[in-house]
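Novice: Next one to model:
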Amino acid sequence: MKNIFLLFLIYSFLGWLVETIAVFIRMKKIIPRGFLIGPWCPIYGFGAIGCTILLKKYDSDIVKLFVMATLLGSILEYLTSYIMEKIFKARWWDYSDHKYNINGRISLTTSLAFGFLGIIINNYINPFLTYIISLLPTFVFVFLNISLAFIFLADIIASLYVAFDIKNIKSKSKDITDEINNVKMKKIIRNLHLIKKAPNL
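Specialist: As a prediction, the model looks like this:
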């Protein structure tokens with residue numbers, strides 16, 4: 001349990017990396033994925049930690065683990081999409097073009113992928129990452145947890161600040177990730193400009 005936060009951030013980063021690469025292959029341009037400014041998608045972190053904690057008892061039964069991970073990932077993705085759309089009036093992903101989908105929030109393809117990921121995470125990646133983390137000296141482990149917690153919290157605050165501007169975004173697509181990233185960059189550049197103009201402030 002003491003490794004949960006680091007595991008959460010590692011999986012959040014890996015999820016961000018996989019999604020960004022997948023979008024690059026499809027669209028031939030880099031579109032950083034996710035709600036946060038930093039290189040992490042917390043939904044993957046929560047999903048992986050959910051598998052780690054809630055589905056541990058199914059590790060020896062691959063079929064049950066696959067089914068439960070599929071359900072867990074699907075429910076998490078659907079609820080996340082629904083809640084974020086209610087709050088920000090926008091979507092960060094849309095599966096309406098997938099053959100089997102529910103309201104464009106989840107699809108059969110991604111749900112099955114969650115099932116396979118659950119098996120891989122619990123039986124292969126978790127033991128490896130836990131071993132690597134166990135090699136860290138105590139002071140390094142504590143430093144990483146504290147420093148990354150501050151960075152992650154700062155990212156959440158900054159991303160929320162940006163996200164509440166997306167109501168002004170005009171887009172023909174339901175998935176407005178690219179447009180949101182443009183808003184983020186404009187705000188970052190504007191803030192850097194202000195800091196250069198008024199370093200004391």
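
Novice: With residue 25 as the reference, measure out to the residue nearest in space to the middle of the chain.
Specialist: Geometric centre of the chain, nearest residue: residue 41, 1.5 Å, by CA atoms, centre = their mean. Using CB to CB, to the nearest Å, residue 41 is found at 17 Å from residue 25. In this view, the C-beta of every residue, glycine as well, is placed from N, C-alpha and C.

Novice: What of residue 80?
Specialist: Where residue 25 is concerned, residue 80 sits at a distance of 24 Å (CB to CB).

Novice: What of residue 15?
Specialist: From residue 15 to residue 25 the distance is 16 Å (CB to CB).

Novice: again, but for residue 107
Specialist: For residue 107, the distance to residue 25 - CB to CB - is 18 Å.

Novice: Compare the two and say which is more crowded by neighbours.
Specialist: Neighbours were tallied for residue 107 and for residue 25 using other CB atoms under 10 Å; the higher tally belongs to residue 107 (21 against 8).

Novice: Burial check on residue 85, number of neighbours?
Specialist: Residue 85: 15 neighbours (other CB under 10 Å).

Novice: Work out for me the element residue 97 sits within.
Specialist: Per DSSP states H and E, residue 97 falls between elements, in no helix or strand.
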